[in-house]
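> compute the structure for the input listed below.
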Amino acid sequence: MKLKELKHLPDLELKKSLENSREKLRSLRFDLASGKVKNVREIREIRKTIARILTLLKERKIHVK
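Below you'll find the model as predicted:
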């Protein structure tokens with residue numbers, strides 16, 4: 001997901017998206033180890049999405065205080 005799309009989501013949806021992304025990353029890593037993954041770049045994109053979500057949640061937490 002792009003940063004612009006993520007900024008419009010509420011915290012609850014961001015946390016759900018984070019959980020889904022982490023689960024997808026975990027399954028892709030298992031598939032990579034077993035040789036089933038064809039698009040290795042997808043792992044990189046998911047990691048970046050997770051980082052974006054965590055950054056947004058952290059920024060929102062800081063601005064609330």
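> neighbours of the closest residue to residue 31 other than its chain neighbours, just the number please.
Residue nearest to residue 31 in three dimensions, not counting chain neighbours: residue 37, with 4.8 Å by Cβ to Cβ, 6 or more residues apart in numbering. To be clear about C-beta, it is placed using only N, CA and C from the backbone, and glycine gets the same treatment. Applying other Cβ atoms under 10 Å, we find 16 other residues in the vicinity of residue 37.
> wait, residue 37 touches residue 28, no?
Yes: using Cβ atoms under 8 Å, residue 37 is in contact with residue 28, at 6.1 Å.
> related to what we said a few turns ago, for the residue nearest to residue 31, which three-state class applies?
Of the three states, residue 37 takes coil under DSSP: H, G, I helix; E, B strand; the rest coil.
> buried sites along the one helix or strand residue 33 maps to?
In this structure, residue 33 is located in helix 11-34 according to DSSP states H and E. Applying a neighbour-count criterion of 16 or more other Cβ atoms under 10 Å, one finds 14, 17, 18, 21, 25, 28 buried in helix 11-34.
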